[in-house]
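K.L.:
turn this into a structure:
(2 chains, ligands or ions: 1)
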Amino acid sequence: MSSTTQTRASKFSLSMLINDTRYRSTTFQVIALIGLIFAMGYLVSNLLSNLADAGLNISWRFFGETAGYDINQMPIEYNNQMSHGRASLVGAVNTLIVAFLACVSATILGVVAGVLRLSNNWVVSKLMAIYVEAFRNVPVLIWILIIFLVMSNVLPQPREFRGDAAASSMWFDMVAFTNRGVYIPRLVLDDLGWVVFAAFGLSIIGVFAFRRYARNLLFNTGRLIPTFLPSIGILIIPTVLVYFALGSPIGLENPALKGFNFKGGLHLRLSLIALWFALAIYTGAFIAENVRAGIQAISYGQTEAAAALGMRPGRIMSLIILPQALRVIVPPLISQYLNITKNSSLAIAVGYMDITGTLGGITLNQTGRAIECILVLMLFYLVISLSISAIMNVYNNAMKLKER
Amino acid sequence: MKKTVFLGALTVAGLAAGLVSAGTLDDVKARGKLNCGVTTGVPGFAEPDANGVWQGFDVAVCRAVAAAVLGDNMAVEFVPTTGKTRFTALASGEIDLLARNTTWTMSRDVDLKFEFVGVNYYDGQGFMVPASLGVSSAAELDGATVCIQTGTTTELNLADFFRANGISYEPVPIETGSEAAQLFLAGSCDVYTTDRSALAAQRANFPNPDDYVVLPDVVSKEPLGPLVRHGDNDWGDIARWTLNALITAEELGVTSDNIAEMSAGTNNPEINRLLGSEGTLGEMLGLDAEWAKRAIMSGGNYGEVFESNIGAATNIGLSRGLNAQWKDGGLIYSPPFR
Ligand SMILES: N[C@@H](CCC(=O)N[C@@H](CS)C(=O)NCC(=O)O)C(=O)O
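P.N.:
This is a model prediction of the structure:
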């Protein structure tokens, strides 16, 4: 062994880097890498020297300076005396909020539409086909604007809710649809309110535990126990009991018209709704196609085989088809989630104050620090996208076909 | 997308450096066109007419500069900019001159590195509300929803005003003036706030102007004027003295009607220096002797430009107020042509 290595090593000559196929590709890769580093280095030094020539410099001080502008949707404490850094953070949280809402609703919409598109009911499947084609073939920016403009022009102004013979009225005195957004009741927690939430959280874990137990029971003994009603029971009953046992520690605060606007309750601004719905229905159409593709990837023979064994359609779907289909569905789903997050930067079109609106918009404009702002903005989207990919990959690995 | 932004930023930086050193006057002459940044459309100030020809009070500044430099007041490429895009457009060299009701502030001058060449309209920020709201002063606006254009001084003044008065508001940030007007008309906001001149201009073009009132409060100083990049003082001088020529022409009674006759020579030496029949002022700027004559003939003197675009006879109906000549008690004042 060692002698062969030695002979090889002794035979090595520089020309082999090019001529020997064992080394050639590495050689070229190294050359390309060096070239790339130089190119990037050139661009960056060019940028810096041009900035210096123009009398501009890179500085991050503005992040600590007073922002001076107000933001309407403030999920975290903010006022115009706080810093640009804080304003950017508010924007970042707003981005995450709309991205999260849109991902969840797009998934629900996509799964429902994707499954229904394969329905045997002609009307239902055609309706879903129309939904998919209509929504995925019109740019999402157009959907955002359509929803925004329709809502701002069709829905009543808050003023129209005023007076005895008001032109508009609230739903059950709880929900108001106005052209400034939708006002809904807000949960107000008393001191012990969190206990109810904790109980609910535990119930959710309980449901999963129960389902796992039922599944193991099925696989081990072949005994099938009902899961649907017990799950709902586990989910609701303890929470309700805790709620009343503690003397209703959670109340509702209804919105009410005061002055120019509704006060109290939760204000879902028009900009949030337009962005959220548009992203959800647009991306939902793509997810529907992924779901359909995933289901169709499982050969129909499996369905027939399961049916021959006497399984009912619902169980065939949940036990045979979906677990396998998920392998096909999840990877493209990741990229849809990434799309939602990145497309949420279209927020600016309707004045939703996401991070592109605060850091990449007002802050950039008021401070003139374009390069710094854009760099941070890129970093933000990069980190968020990579995190989503990482989380979804963990899930994907867990769902992978386990070969035995 | 991210990569393009980055490369874009690199090119922007590269361009900015390239253009500053080149000399804007030579660039404009070589191009045969002046690239002038204007609004995306504010009636009376800058808006394309039915034939697609840009018209307005700010547009007139672009045209006057083009006439002075290129001898043709139509040799202007108008670049519509929003409150947010205007400074990038100017810094990157996409435009040579920005004439877009832009407020002269210290940070824009010093930190953003622009050179304001003068003031063509002394303004202040105001508030417009539907008359039916029954509001008579801005202090009554507690809790109101306010439409504002992002990237403007308006945005910052608004925050200051409400904070100083200890009242709250809900901002609705919007990109362009026309979108803001749309939302305001639809009642998505109770209040629309911006420079009072722009409020008057937009109100005049509402379907029912009388249903809306501009509140008497003026909450800021907004000296609006044209600006250029830092670093090319010769070009800044041309823009500054073109504006001054229009102002001086009004002061000295030079109008588009009598300018042909006056340019042959008068017994007022300053008029002669202005119109080029005496002295070498044009040469000092790197232009010919008749530069100011052409600038004035482009749309008339300052007063004529004002009256024909936004003055009392137009539907916008602004009175001269602060923008009267200093002799008439206003602030419009040009240094002497000497
Ligand atoms: N003077 C202020 C505000 C300028 C401004 O944006 N005014 C609005 C008034 S409507 C405008 O010109 N909008 C036209 C547009 O969006 O294109 C500033 O310089 O920041």
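
K.L.:
what about residue A:121, distance to the ligand?
P.N.:
The spacing between residue A:121 and the ligand, counted by C-beta to the nearest ligand atom, to the nearest Å, is 50 Å. Where C-beta positions appear, they are placed from N, C-alpha and C, glycine not excepted.

K.L.:
tally of neighbours for that residue?
P.N.:
Close neighbours of residue A:121, defined as other C-beta atoms under 10 Å in any protein chain shown, add up to 10.

K.L.:
what's the answer for residue A:397, then?
P.N.:
9.

K.L.:
same question for residue B:328.
P.N.:
When neighbours are counted by other C-beta under 10 Å, residue B:328 registers 10.

K.L.:
what's the first helix or strand after the strand or helix carrying residue B:25?
P.N.:
Using DSSP states H and E, residue B:25 sits within helix B:24-31. The first helix or strand that comes after helix B:24-31 along the chain, using DSSP H and E, is strand B:34-38.

K.L.:
what is the orientation angle of that following strand with helix B:24-31?
P.N.:
Strand B:34-38 and helix B:24-31 are oriented at 110 degrees to each other (axes from the mean of the first three to the mean of the last three C-alpha atoms, to 10 degrees).

K.L.:
tell me the first helix or strand C-terminal of strand B:34-38.
P.N.:
As assigned by DSSP H and E, the chain's next helix or strand after strand B:34-38 is strand B:47-48.

K.L.:
quick check, that following strand touching the ligand?
P.N.:
No - contact of strand B:47-48 with the ligand (C-beta under 6 Å from any ligand atom) is absent, the minimum separation being 9.5 Å.

K.L.:
near chain B, which residues of the stretch 301-404 of chain A?
P.N.:
A:342, A:348-349, A:351, A:353, A:357, A:361-362, A:365-368, A:370-371, A:374-375, A:378, A:381-382 (C-beta under 8 Å from any C-beta of the partner chain).

K.L.:
residue contacts, residue 270?
P.N.:
Since you didn't name a chain, this refers to chain A. By C-beta atoms under 8 Å, 6 or more residues apart in numbering or on different chains, the contact set of residue A:270 is A:148, A:151-152, A:179-181, A:350, B:188.

K.L.:
that's the wrong chain, I wanted chain B
P.N.:
Taking C-beta under 8 Å, 6+ apart as the test, what residue B:270 contacts is B:248, B:252, B:336-338.

K.L.:
which residue ranges of the stretch 101-250 of chain B form strands?
P.N.:
Secondary structure of the stretch 101-250 of chain B, counting by DSSP state E, counting those that start in this stretch: strands at B:114-116, B:121-123, B:125-130, B:144-149, B:169-174, B:191-195, B:212-214, B:222-224, B:227-229.

K.L.:
what sits up against the last one?
P.N.:
Strand B:227-229 is touched from outside by B:16, B:19-20, B:24, B:90-91, B:93, B:96-98, B:102, B:104, B:108, B:113-117, B:235-236, B:239, with contacts defined as C-beta under 8 Å, 6+ apart.

K.L.:
does the ligand have contacts with it?
P.N.:
No - judged by C-beta under 6 Å from any ligand atom, strand B:227-229 stays clear of the ligand, getting no closer than 9.9 Å.

K.L.:
okay, now the closest residue to residue B:313 other than its chain neighbours: neighbour count?
P.N.:
The shortest distance from residue B:313 to any non-neighbouring residue, by C-beta to C-beta, 6 or more residues apart in numbering or on different chains, is to residue B:307 (6.3 Å). By other C-beta under 10 Å, the residues close to residue B:307 number 15.

K.L.:
and the helix or strand in which residue B:307 is found, which residues are buried?
P.N.:
Here residue B:307, judged by DSSP H and E, is contained in helix B:302-309. In terms of neighbour count (16 or more other C-beta atoms under 10 Å in any protein chain shown), helix B:302-309 has its buried residues at B:302-306, B:308-309.

K.L.:
now do stretch A:314-322
P.N.:
By 16+ other C-beta under 10 Å, the buried positions in stretch A:314-322 come out as A:316-317, A:320-322.

K.L.:
quick one: contacts of that stretch?
P.N.:
Outside stretch A:314-322, the residues within contact range by C-beta under 8 Å, 6+ apart are A:295, A:298, A:302-303, A:306-307, A:311.

K.L.:
I would like a ChimeraX command selecting only the buried ones among those, please.
P.N.:
In ChimeraX, a selection of the buried entries from the contacts of stretch A:314-322 looks like this (16+ other C-beta under 10 Å):
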select /A:295,298,303,306,311
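
K.L.:
closest to residue B:30 out of the contacts of stretch A:314-322?
P.N.:
The closest of the contacts of stretch A:314-322 to residue B:30 turns out to be residue A:295 (C-beta to C-beta; 63.4 Å).
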